[in-house]
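Enquirer: test case, fold it:
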Amino acid sequence: MAEQTEPTGNIAAKTNRHFVEDVLCEVSRRLADRPSEELKQGNTQILYNPLPALRDLRIALGSLDYPTDTRIVNLDAPEHPHYPSLGAVSSLSDELVFFAYQRQRDCDPKNKGYYLECLKGIAEGRSSMFLQEEFVKIVSLGENTLTEIEDSYKFFALNPAVDHGDDHIIGVYKSRIENAPLQKEQAKQALLVIGNARSSKKIQEVATDRDMTYEEALQYFGVTADTPSDVIEAQAVALAIDVDKSVVGPILNIIGTTRKDLSLQIAAASMEAGDADSNLTVKEAYKRLQIHDENTSEESVFAYYQTLTDNAPLGSKESYLEALRVIAKSRNSNFLFAKISDPNALVTAQRSTADQPVGLDNIGNTCYLNSLLQYYYTVRAVRDVVMNFEDYRMPLTEENITKKRVGGRAVGRAEIVKAQKCKFQDI
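Expert: Okay, here's the model as predicted:
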């Protein structure tokens with residue numbers, strides 16, 4: 001028997017009686033764990049057989065009537081992180097796991113996508129039909145897992161950790177479908193996932209909006225296919241007084257594009273630009289498009305815009321479009337408005353007026369050649385040849401062709417004919 005030690009502090013002294021009772025209780029507990037056949041053979045009598053306290057604990061915790069799980073749980077195996085994320089343990093029944101998911105989602109709606117992903121993982125890990133059915137029901141109501149939300153942001157090359165504005169996300173979406181129209185359905189689905197995750201009605205409306213047909217556009221303005229374009233334009237202008245022009249403009253553009261009516265396309269582009277003053281000044285607009293000369297031609301302005309948008313990230317194209325609209329509005333340019341509506345539209349730029357500069361546009365690396373040609377054009381003799389070329393054209397006789405030399409090299413008839421077709425015209 002072990003030697004008794006004197007207790008210290010306020011602990012009550014244990015008598016020999018208490019010690020013997022402890023020994024008997026422990027021996028009885030060990031005997032109760034032995035096989036029943038062994039106890040019968042030895043005619044063993046168990047003096048102490050304490051009752052389990054599990055029922056009393058469930059009553060104290062208020063969980064006596066909770067459903068129990070009949071699965072075999074390996075308590076030695078590490079628990080999957082999805083369980084603690086839901087505030088649950090692996091020994092809970094399917095119903096209790098789903099209850100834990102609902103509580104977490106309601107208390108922390110911002111991370112509901114992650115909790116739904118936890119529920120999906122547990123349902124698949126358990127092969128639980130109940131949890132899988134509940135997961136399908138939730139998805140059918142428009143909710144998505146965290147992985148699906150992150151993949152949707154990545155589709156548009158956006159960082160889900162950054163708080164992008166709704167307008168920026170919509171602008172990126174429009175740029176994507178403009179450059180990759182075959183991905184439109186995939187882009188709309190990704191945009192809808194983002195809209196649902198952000199609970200953004202604005203994004204959801206764009207993602208669920210289908211393209212309006214030509215007949216629906218006519219019906220929107222209360223006109224028919226036989227209605228003249230000028231009447232339709234007047235109807236659109238009148239309607240835009242009560243309705244946002246950014247809504248009326250695209251619908252008018254559908255009619256203009258279908259009819260291939262340039263005037264309607266220009267009017268639609270002007271409406272989409274809106275009357276509200278942009279925060280961007282005209283000077284800043286030229287600077288944004290990297291145009292140093294504000295008197296540059298309209299074709300050059302649009303060429304600068306196209307060059308920038310072709311190589312720009314998706315999110316930057318909207319800012320370049322804003323700059324182009326500011327310039328188009330400041331110039332009251334039908335050419336630029338038409339190009340905004342349809343980049344492939346065939347429209348002639350307005351001719352230069354007397355108070356505007358004339359000359360050759362620099363296309364990136366022709367400034368020295370342009371300056372040389374313009375200098376030669378100031379020489380009257382050269383200018384007379386250019387302006388009255390027919391009077392100076394060399395007759396294509398056999399003698400002239402034989403004598404003709406370019407840098408000492410003889411040239412043939414075909415080369416001379418081709419060269420004579422190239423002549424300068426005033427612009």
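Enquirer: tell me which element residue 142 falls in.
Expert: For residue 142, there is no enclosing helix or strand under DSSP states H and E.
Enquirer: list the contacts of it.
Expert: residue 196 (CB atoms under 8 Å, 6 or more residues apart in numbering). Bear in mind the C-beta positions are built from the backbone N, C-alpha and C, glycine included.
Enquirer: now the one 5 residues further on
Expert: Neighbour list for residue 147: residue 117 [criterion: CB under 8 Å, 6+ apart].
Enquirer: pretty sure residue 100 is in contact with residue 89, am I right?
Expert: No: the criterion here is CB atoms under 8 Å, and residue 100 misses it with residue 89 at 9.3 Å.
Enquirer: neighbour count: those two, which is higher?
Expert: Between residue 100 and residue 89, counted using other CB atoms under 10 Å, the more crowded position is residue 100 (21 against 13).
Enquirer: helices of the stretch 151-300 of the chain, residue ranges please.
Expert: 166-179, 184-198, 201-208, 214-221, 229-239, 245-259, 262-273, 282-288, 298-311 (DSSP state H, counting those that start in this stretch).
Enquirer: the ones you listed: lowest mean pLDDT?
Expert: If you rank those by mean pLDDT, helix 262-273 sits at the bottom with a mean of 74.
Enquirer: which residues does that one contact?
Expert: Against helix 262-273 from outside (CB under 8 Å, 6+ apart): 229-230, 232-233, 236-237, 240, 245-246, 248-250, 252-253, 255-257, 325, 328-329, 334, 337-338, 340-342, 345, 347.
Enquirer: same question for stretch 213-224.
Expert: 212, 225, 227, 231-232, 235-236, 239, 251-252, 254-255, 258.
Enquirer: residue 112: what's its closest spatial neighbour, skipping adjacent residues?
Expert: residue 105 (4.6 Å; CB to CB, 6 or more residues apart in numbering).
Enquirer: my read: that neighbour touches residue 117, true?
Expert: No: contact status for residue 105 versus residue 117: not in contact, 11.5 Å apart, counting by CB under 8 Å.
Enquirer: would you show me how to pick out the buried ones of the contacts of helix 262-273 in PyMOL?
Expert: Burial among these is assessed by 16 or more other CB atoms under 10 Å; the matching PyMOL selection reads:
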select buried, resi 229+232+233+236+240+245+248+249+250+252+253+255+256+257+325+328+329+334+337+338+340+341+342+345+347
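Enquirer: low pLDDT regions in the stretch 1-150 of the chain?
Expert: Residue ranges of the stretch 1-150 of the chain with pLDDT under 70: 1-13, 42, 44, 46-50, 67-77.
Enquirer: quick one: residues contacting the closest residue in space to residue 291 that isn't next to it in sequence.
Expert: Sequence neighbours aside, residue 304 is the residue nearest to residue 291 in space, at 5.4 Å (criterion: CB to CB, 6+ apart). Residues in contact with residue 304, defined by CB under 8 Å, 6+ apart, are 289-291.
Enquirer: how about residue 55?
Expert: Residue 55 touches residue 64, counting by CB under 8 Å, 6+ apart.
Enquirer: coming back round to it: give me whichever of the helices of the stretch 151-300 of the chain is most buried.
Expert: Among the helices of the stretch 151-300 of the chain, helix 262-273 has the highest mean neighbour count (mean count of other CB atoms under 10 Å), at a mean of 23.
Enquirer: how far off centre is that helix?
Expert: 27 Å (CA atoms, centre = their mean, to the nearest Å).
Enquirer: just the strands from this protein, written as ranges.
Expert: 405-406, 409-410 (DSSP state E).
Enquirer: adding mean neighbour count, write those strands out as a markdown table.
Expert: Formatted as a markdown table, the strands of the chain follow (neighbours: other CB atoms under 10 Å):
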| stretch | mean neighbour count |
| --- | --- |
| strand 405-406 | 10 |
| strand 409-410 | 10 |
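Enquirer: among the ones you listed, which is nearest residue 317?
Expert: strand 405-406 (46.4 Å; CB to CB).
Enquirer: neighbouring contacts of that closest one?
Expert: Contacts of strand 405-406 (CB under 8 Å, 6+ apart): residue 411.
Enquirer: next one: it to chain centre, how far?
Expert: 60 Å.
Enquirer: equivalent analysis for stretch 25-41, please.
Expert: 70 Å.
Enquirer: could you do stretch 134-141 as well?
Expert: 24 Å.
Enquirer: next, the buried residues of it.
Expert: Buried-residue list, stretch 134-141, by 16+ other CB under 10 Å: 134-135, 138.
Enquirer: distance of the nearest residue to residue 340 once chain neighbours are set aside from residue 91?
Expert: Nearest residue to residue 340, sequence neighbours excluded (CB to CB, 6+ apart): residue 269, at 4.4 Å. Residue 269 is 65 Å from residue 91, where distance means CB to CB, to the nearest Å.
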